[in-house]
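Asker: I need the structure of the sequence given here:
(chains A and B)
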There are 2 protein chains.
Amino acid sequence: MKKGCPFGTHRVIEPKGVLPQPATKIDNSMEIYDNEILIDVKTLNVDSASFTQIKEEAQGDIEKIKEIMMSIVAARGKHQNPVTGSGGMLIGTVEKVGPALEGKTNLKVGDKLATLVSLSLTPLQIDEIKEIRKDIDQVDIKGKAILFESGIYAVMPTDIPENLALSVLDVAGAPAQTAKLVKPSDTVVIIGGGGKSGMLCLYEAKKRAGITGKVICLGHSEKSVARVKNMNLADEYFTADATNAVEVMEKVKEATNGEMADVVINCVNVPNTEMASILAAKDDGLIYFFSMATSFTKAALGAEGIGRDTTMIIGNGYTKGHGEIALQIMRESEILRKTYEELYA
Amino acid sequence: MKKGCPFGTHRVIEPKGVLPQPATKIDNSMEIYDNEILIDVKTLNVDSASFTQIKEEAQGDIEKIKEIMMSIVAARGKHQNPVTGSGGMLIGTVEKVGPALEGKTNLKVGDKLATLVSLSLTPLQIDEIKEIRKDIDQVDIKGKAILFESGIYAVMPTDIPENLALSVLDVAGAPAQTAKLVKPSDTVVIIGGGGKSGMLCLYEAKKRAGITGKVICLGHSEKSVARVKNMNLADEYFTADATNAVEVMEKVKEATNGEMADVVINCVNVPNTEMASILAAKDDGLIYFFSMATSFTKAALGAEGIGRDTTMIIGNGYTKGHGEIALQIMRESEILRKTYEELYA
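Answerer: Next comes the predicted model:
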């Protein structure tokens, strides 16, 4: 049995020397290397940007969508949309575990899992596309995939319905990072607290900041803020346009008696919210950018421009145990579970 | 006397509600608000990208360069190049200190300073352009400027020549952040250690990591690595292409007996070096991206894609005392001072 690299570089066909994600073609033969896991795939959860592009290209025609998906995998060995560059995740059952992983993984044959690593780097073979659920970007297939040694996954819980679990796992990094960052008595501002990841962040922030801390929810719409308020997820709530830095600063100033926040977590998926995040934080505060619309240079030059010594962290979608931490929220909070089921599952 | 906002929003003319940097027009009248500092400007150190663009537009003609610069300031109230968006810094003498700053600043009338905040947000009035030094992007003028309460600056040292001090202050954030991040016995990799900011980072890293730590310099060219080696700035040296993540990982693995780095500092100004930085670090390591070519999404998705729990920090060009920390290196290290004088002053 051939020995593999933890990151899957052994499967890169071209260009040579890169990792599987930037590669344009990877080897999707289903004979496993010693440190790989073979998965019998049930469902692909295609990235929303990618699936929208495919649907448009196919003009909504199901057979055409199938054709495009098959051609992507045939060309690249993985379901990485050449236009958007993005992938998605998959659900399946463990079929084989490479011998080099013994003692390194708890996975065993028959376990049902969701991969939390992108389809844009996952070797995939599609034998047949069985059903396409256009509205929720899900595609049932007959096929196989490979999980690399460094690939992250979550074993599907038995007490949480599959679609609910998937919605939660999709944003698992945000609440898990919040849980690790927020300390007792911290003042925390969650920008975009009314959204899918924001709500989970609020819940974790309140739990960790505790009775001596203060959690402030900044939402864009009255509706989402009212929903979060109804769930009692924060200590203070306000609506503001997160691209208006001065407005946000004034409102946070008011809510904190001029002290500002120890931790600011940005969950907004619109551009130009860097400055509001910086101004909401204390001079030595910490800002966690979970938003993928964050501009590195706007954040860096923004803080320098006003002489702020804040620590600004690039949101990492992965942290140890993030799936478990996020799913646990659905067990602990009945009202969040209900809201999540209504909105996202 | 009118009361000002610490960030200078009181001078924004359009669009309303933004900070001075993103504003397209600010008020450059030279009557100070209560928390402003009036500077008699001697020299503008125009941002390199901006000055290159202006020189090209002027086809190298000095009078045309003057005309373009005057028109930028007339239109915007600040020297922010409309094409590149960037500014630069200035050197001048304190002429007035607003009364609200008493006890808040050490600056006094007559002090010679360099502003470390961008010209792209600094109210500026040019009466006359006296001399243009095309090769080093410096322009002597007769004119005035305003420093906001939040604006950062460095008082020019008396024991370090002006041009040398300016070169050091230009990259002051990098060594100062290094000094704050690196702890005794840390293993540190500086990517781009042979460059202008990289050399200063190596010096600070070695000082902080100490005899029980290990500082590794990764340079792009044999020449720059040989120069750094000659100055004895690190414990180990190698050349590698920082865009080749796997090559960098293998070399760092070898240099650290497979342990990898506690801290990785990226000072390279080319794109696509995020993955090399991530792979050079331990799983729970810390990566500091000083490179302005860093892509937020490449870093975020890169770490997630291989399941790495690294903390990734957006380089902040400002940290308390950064000017002092960086200038001090020129006093401590004779050989670095000599090299800096040869290369950059």
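Asker: hey, where'd the strands end up in chain A?
Answerer: A:12-14, A:25-26, A:37-46, A:88-97, A:112-115, A:124-133, A:138-147, A:153-155, A:187-191, A:214-219, A:236-239, A:261-266, A:281-289, A:311-314 (DSSP state E).
Asker: which one of the ones you listed lies closest to chain B?
Answerer: Closest of these to chain B is strand A:311-314, at 4.0 Å (criterion: C-beta to the nearest C-beta). C-beta: built from backbone N, CA, C; applies to glycine.
Asker: Now do the contacts for A:Leu181.
Answerer: A:Val263, A:Ile265, A:Leu286, A:Tyr288 (C-beta atoms under 8 Å, 6 or more residues apart in numbering or on different chains).
Asker: From these, pick the one nearest B:Thr178.
Answerer: A:Leu286 (19.0 Å; C-beta to C-beta).
Asker: residues near A:Glu254, how many?
Answerer: Using other C-beta atoms under 10 Å in any protein chain shown, A:Glu254 is surrounded by 11 other residues.
Asker: Look up the pLDDT of the residue of the stretch 1-150 of chain A found nearest chain B for me, please.
Answerer: The stretch 1-150 of chain A approaches chain B most closely through A:Ser150 (4.5 Å), counting by C-beta to the nearest C-beta. Here, the pLDDT recorded for A:Ser150 equals 94.
Asker: got the contact list for it?
Answerer: So A:Ser150 contacts A:Pro6, A:Phe7, A:Gly8, A:Val117, B:Ile306, B:Gly307, B:Arg308 (C-beta under 8 Å, 6+ apart).
Asker: tell me the two of the residues you listed that are most distant?
Answerer: Those two in these that are separated most widely, counting by C-beta to C-beta, are A:Gly8 and B:Arg308, at 13.9 Å.
Asker: Neighbour count for those two, which is higher?
Answerer: The neighbour comparison of A:Gly8 against B:Arg308 (other C-beta under 10 Å) goes to A:Gly8, with 29 against 23.
Asker: Need the nearest residue in space to the more buried one, chain neighbours excluded.
Answerer: A:Phe148 (3.8 Å; C-beta to C-beta, 6 or more residues apart in numbering or on different chains).
Asker: give me the number of residues near the one you found?
Answerer: 28.
Asker: so it touches A:Leu19, yeah?
Answerer: No. The criterion here is C-beta atoms under 8 Å, and A:Phe148 misses it with A:Leu19 at 9.9 Å.
Asker: anything in contact with each of these two?
Answerer: In contact with both A:Phe148 and A:Leu19: A:Phe7, A:Gly8, A:Leu121, using C-beta under 8 Å, 6+ apart.
Asker: Now render these as TSV, adding pLDDT.
Answerer: As requested, these are arranged in TSV below (pLDDT from 0 to 100):
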residue	pLDDT
A:Phe7	94
A:Gly8	95
A:Leu121	95
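Asker: so can I have CSV of the contacts of A:Ser150 showing distance to B:Ser50?
Answerer: Putting the contacts of A:Ser150 into CSV (distance: C-beta to C-beta, whole Å) gives the following:
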residue, distance to B:Ser50
A:Pro6, 44
A:Phe7, 40
A:Gly8, 43
A:Val117, 41
B:Ile306, 38
B:Gly307, 41
B:Arg308, 37
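Asker: ok, these vs B:Glu324, which is closest?
Answerer: B:Arg308 (34.8 Å).
Asker: residue contacts, the closest one?
Answerer: Counted by C-beta under 8 Å, 6+ apart, B:Arg308 has contacts A:Ser150, A:Asn316, A:Tyr318, B:Ile278, B:Ala281, B:Asp283.
Asker: switch to 10 Å and redo it
Answerer: By C-beta atoms under 10 Å, 6 or more residues apart in numbering or on different chains, B:Arg308 lies in contact with A:7, A:150, A:152, A:316, A:318-319, B:278-279, B:281-285, B:287, B:302.
Asker: picking that back up, and the residue nearest to A:Gly8, what does it touch?
Answerer: Residues in contact with A:Phe148 (C-beta under 10 Å, 6+ apart) are A:4-11, A:19-20, A:33, A:35-37, A:115, A:117, A:121-123, B:305-307.
Asker: so which of the strands of chain A is the most packed in?
Answerer: Counting by mean count of other C-beta atoms under 10 Å in any protein chain shown, strand A:187-191 has the highest mean neighbour count of those, with a mean of 31.
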